[in-house]
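Peer 1: give me the fold of what follows.
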Amino acid sequence: MIKRVLLGLGGGLILLVGIVLVRTLNYGGAPQDVREILLPEVPEFDAMVAAEHLGEAIRFRTITVAPGDPREGQEGPWLELQAWMEETYPDFHAAANKETIPGGYSLLYTWAGSDASLDPILLMAHQDVVPVNIGTEDDWDAHPFSGAIQDGYVYGRGAIDDKGSMVGLFEALNALARDGFEPKRTILLMLGHDEEVSGSGASAGVELLKSRGISPIMALDEGFMAIENNPLTGGTVAFVGVAEKGYVTFNLTVTAEGGHSSTPPRNSATVRLSRALIALDENQMSADLEYPLVSGLFQATGADMPFVQRMAFANQWLFGGYLKGVLGATPAANAMIRTTTAPTMLTGSAKENVLAQRATAIINFRIHPKDTEESILAHIKEVTKDIEGLEVSYGRTGIRGAGASPVSPMDNLAFGVLYAVAADSSGAPVAPGLVLGATDGRYATAITDSVYRFMPAVMTPEDLTGFHGTNERLTVENMGRLSKGYAQIILAMDANTE
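Peer 2: As a prediction, this is how the structure comes out:
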């Protein structure tokens, strides 16, 4: 009897090990139904010339701080930058029609194609940059608005976000126009003037296109690139953003009688608010590793993962709980798998010896595509239902509106082209990604279901620390990649007329 039990257990264990190994060895590969695209030949690009042009663009201090920027009388850097564009890229400006989008300094270029039956492509970037924190200028290896080129990098605010992409697009478009390229598919280039504070320029631009009945086959904006030393594989992975998270804030408020701090009651307003915050921190929004966008990311990189890591992702039925714990412990990974909860602002008493009559916390949620504002509100109320006197209300509306963006298709021409260019520019596996921040590309979902966030560049984790931070920089080599990659995208989308 015991022998039969042991044999049974042994056989079951062997079967379990076999299933785990088979699933592990077969795990990984390109997302299903990705189209194979043959990339066309493109003009030769001089990366150093492109880098020098980026340095020149950085010197125009197109800084936005608050919605409404640039204010009247402060538009000089934008006008100077736009004059520089015309002077630096004359062939493209001769081929395309330029118009200023009403309500600001955003630009829309239209390079008309010969076949009006083909939906256009929409290429997007933005002219503005965030400010440099006062007192940190000397922490930079080169002045943040010098555009200096040293040690193989172009330094300056906007190098990554987003003048590198803007200049790369101009380099590609100007070279194609200079070489006599005549597009069949109309090319639209939209350059927002205030992406960093409101995106009103891109919003107005999309509304303008919508009023003209224009529905692009693809919209392409900033957001992702290839990243070296990626924690998923230890190597390089190229990410193509197919969606971006939403943004919403909620106010949590507890009221009480207040009074003098010398006779404090138990369970005061501040204490009850603190309990609510702890409850939300200890009960995060749920993670779903089987959500298609999330599982697609892991699947695309699986073949390049270390064996043990690959085994865990291939057998989530067995290791799912463990994976959620590991991913949840890393802020960036945690943000990819769930809606994040971030208490950001607290208010209470106006004086140290006065008890708070209203204790308020503002909680910022970055919304995963699997969630909605309504599901977040329901989560807050469920987690804090035992907190006496707690009121939950909507806070300031997010600058990009409510909700995560729709997830763009991965079986169409546009994603196939971006997939091919990402692989060619990086030599790495390509995966769909969820952009954690907000881009102007979100607005384009009003006129197309195919909005992507990708720049054909390769960066290190150290490079990414300069994003909105100190020592923002982009390699000279990446300026060559951007110029070539954008040209490949334009020509491949023009050659395939689905």
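
Peer 1: what residues are up against the spatially closest residue to residue 369 that is not a sequence neighbour?
Peer 2: Spatial nearest neighbour of residue 369, excluding adjacent residues (Cβ to Cβ, 6 or more residues apart in numbering): residue 404 at 4.2 Å. Placement of C-beta: from N, CA and C, glycine included. Residue 404 makes contact with 243-246, 367-369, 371, according to Cβ atoms under 8 Å, 6 or more residues apart in numbering.

Peer 1: list the buried residues of stretch 218-236.
Peer 2: 218-228, 230, 232-233, 236 (16 or more other Cβ atoms under 10 Å).

Peer 1: show me which pair in the residues you listed is furthest apart.
Peer 2: Maximum pairwise distance among these (Cβ to Cβ): 28.9 Å, between 219 and 233.

Peer 1: coming back round to it: using pLDDT, spot the least trustworthy of the contacts of residue 404.
Peer 2: Lowest in pLDDT among the contacts of residue 404 is residue 246, which has 92.

Peer 1: neighbours of the closest residue to it other than its chain neighbours, how many?
Peer 2: Spatial nearest neighbour of residue 246, chain neighbours left out: residue 367 (3.3 Å); criterion: Cβ to Cβ, 6+ apart. Neighbour count of residue 367, defined by other Cβ atoms under 10 Å: 23.

Peer 1: gap between residue 367 and residue 242?
Peer 2: 16 Å (Cβ to Cβ, to the nearest Å).

Peer 1: how near is the residue nearest to residue 246 to residue 272?
Peer 2: 26 Å.

Peer 1: doesn't residue 492 lie inside a strand?
Peer 2: No: secondary structure of residue 492 (DSSP: H, G, I helix; E, B strand; the rest coil): helix, not part of a strand.

Peer 1: thinking it is in contact with residue 42, fair?
Peer 2: No: between residue 492 and residue 42 there is no contact under Cβ atoms under 8 Å: 9.6 Å.

Peer 1: what's the residue sitting nearest the centre point of the chain sitting at in phi/psi?
Peer 2: Computing the C-alpha centroid of the chain and ranking residues by Cα atoms, centre = their mean puts residue 435 first, at 3.0 Å. The phi/psi pair for residue 435 (degrees, to the nearest 10) reads phi -70, psi 130.

Peer 1: list the residues that contact it.
Peer 2: Residue 435 sits in contact with 223-224, 241, 243-245, 453, where contact means Cβ under 8 Å, 6+ apart.

Peer 1: rerun at 10 Å
Peer 2: 221-224, 239, 241-245, 404-405, 441-442, 452-454 (Cβ atoms under 10 Å, 6 or more residues apart in numbering).

Peer 1: go on, residue 35?
Peer 2: 410-417, 419-420, 496, 498.

Peer 1: which of those residues has the largest number of neighbours?
Peer 2: In the contacts of residue 35, the most neighbours by other Cβ under 10 Å go to residue 414, 27 neighbours.

Peer 1: tell me where the stretch 351-498 of the chain has strands.
Peer 2: Ranges of strands in the stretch 351-498 of the chain, per DSSP state E, counting those that start in this stretch, are 354-355, 358-367, 390-394, 430-435, 451-453, 458-459, 473-475.

Peer 1: the fourth one pairs with which strands?
Peer 2: In this case it means strand 430-435. Paired strands of strand 430-435, with direction, are strand 237-244 (parallel) (DSSP bridges).

Peer 1: what's the first helix or strand after the strand it pairs with?
Peer 2: Going down the chain from strand 237-244, the next helix or strand is strand 246-255, by DSSP states H and E.

Peer 1: could you dump that following strand to PDB, C-alpha only?
Peer 2: C-alpha atoms of strand 246-255 as PDB (Å, rounded to 0.1, in the frame of the first residue of the first chain):
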ATOM      1  CA  GLY A 246      -4.600  57.100 -17.100                       C
ATOM      2  CA  TYR A 247      -4.500  59.700 -14.300                       C
ATOM      3  CA  VAL A 248      -7.000  60.500 -11.600                       C
ATOM      4  CA  THR A 249      -6.900  61.900  -8.100                       C
ATOM      5  CA  PHE A 250      -9.200  61.400  -5.200                       C
ATOM      6  CA  ASN A 251      -9.600  63.400  -2.000                       C
ATOM      7  CA  LEU A 252      -9.900  61.500   1.300                       C
ATOM      8  CA  THR A 253     -11.300  63.800   4.000                       C
ATOM      9  CA  VAL A 254     -12.100  63.100   7.700                       C
ATOM     10  CA  THR A 255     -13.900  65.800   9.800                       C
END
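
Peer 1: quick one: buried residues of it?
Peer 2: 246-254.

Peer 1: for beta bridges, what are the partners of the residue nearest to the centre of the chain?
Peer 2: Beta-bridge partners, per DSSP bridges, of residue 435: residue 244.

Peer 1: residue 360 too?
Peer 2: Here residue 360, judged by DSSP bridges, has bridge partners residue 253, residue 347.

Peer 1: related to what we said a few turns ago, make JSON lines out of the buried residues of strand 246-255 and add distance to residue 262.
Peer 2: Formatted as JSON lines, the buried residues of strand 246-255 follow (distance: Cβ to Cβ, whole Å):
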{"residue": "246", "distance to residue 262": "46"}
{"residue": "247", "distance to residue 262": "42"}
{"residue": "248", "distance to residue 262": "40"}
{"residue": "249", "distance to residue 262": "35"}
{"residue": "250", "distance to residue 262": "34"}
{"residue": "251", "distance to residue 262": "29"}
{"residue": "252", "distance to residue 262": "27"}
{"residue": "253", "distance to residue 262": "25"}
{"residue": "254", "distance to residue 262": "21"}
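
Peer 1: quick one: which of the residues you listed is nearest to residue 301?
Peer 2: residue 246 (24.8 Å).
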